[in-house]
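Undergrad: structure for the following, please:
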Amino acid sequence: MRKKATWCYGSDPLPTLLKTLATDGTAAMVLYRFTQAARAHRMPVVEMLLNKATNLAGGCVIGRGADFGPGFVLIHSNGVVINGNVRGGTNVLIEHQVTIGADRRQTPVLGSDLFIGAGAKIVGGVTVGDGARIGANAVVVHDVAPNTTVVGIPAKPVQRREDRPAPRPITDDTTGSQS
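TA: Here you go, the predicted model:
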């Protein structure tokens, strides 16, 4: 909740957390966590009911066995489909209409500190490295290196964050000295 409040509103005091409860995707996030708790406590009927409630309340399908660490945020939950064997790290932010699915029983493994843009598809036994960014409507069918942004169909790297040029110092045009 705090991660989503910070994403949506820039801070996470109590009034903002309460406002976040009413935003799209929050009910699905909360129900997903309750589903995980029911699974951990071996309560399969409760787990199944909570999973169905996630579908109804959030308009998304998150497989009961999907496992994400703290900071899992559904920015917009509508149309999200996540296979039950997917493993994700911490601070994974997902936009609407995202599919994270299996291909021939191979499922993706997601790192930490990820952003997955609207309509993106991550399919098969791929690994998405920590700090990666998946662009809107990208189709990921190959591994994504850490701190890399990928876009397109199939997704291709466009930039690594450590590859960005350092900002140039501001200079005075007349003397060439730094200001």
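
Undergrad: quick check: buried residues in stretch 89-109?
TA: Neighbour counts using 16 or more other Cβ atoms under 10 Å place 89, 91-102, 107-109 of stretch 89-109 among the buried residues. Every residue, glycine included, has its C-beta placed from N, CA and C.

Undergrad: span of it from start to end?
TA: 8 Å (Cα to Cα, to the nearest Å).

Undergrad: same thing with stretch 95-115?
TA: 8 Å.

Undergrad: what average pLDDT does that stretch get?
TA: What stretch 95-115 shows for mean pLDDT is 95.

Undergrad: same check on stretch 57-77?
TA: 91.

Undergrad: pull out the buried residues from that stretch.
TA: 57-64, 66, 68, 71-77.

Undergrad: out of the residues you listed, which sit inside strands?
TA: 61-62, 68, 73-74 (DSSP state E).

Undergrad: roughly how far does Pro15 sit from Leu74?
TA: Look at Pro15 and Leu74: by Cβ to Cβ, to the nearest Å, they are 22 Å apart.

Undergrad: same question, Val144
TA: 20 Å.

Undergrad: quick one, helices of this structure?
TA: Secondary structure of the chain, counting by DSSP state H: helices at 2-9, 14-21, 26-40, 44-58.

Undergrad: give the contact list for the closest residue to Arg161 other than its chain neighbours.
TA: Closest residue to Arg161 apart from its sequence neighbours, by Cβ to Cβ, 6 or more residues apart in numbering: Asn147 at 4.4 Å. Counting by Cβ atoms under 8 Å, 6 or more residues apart in numbering, Asn147 makes contact with 129-132, 160-162.

Undergrad: what residue ranges in the protein score low on pLDDT?
TA: Scanning the chain for pLDDT under 70 picks out the ranges 163-179.
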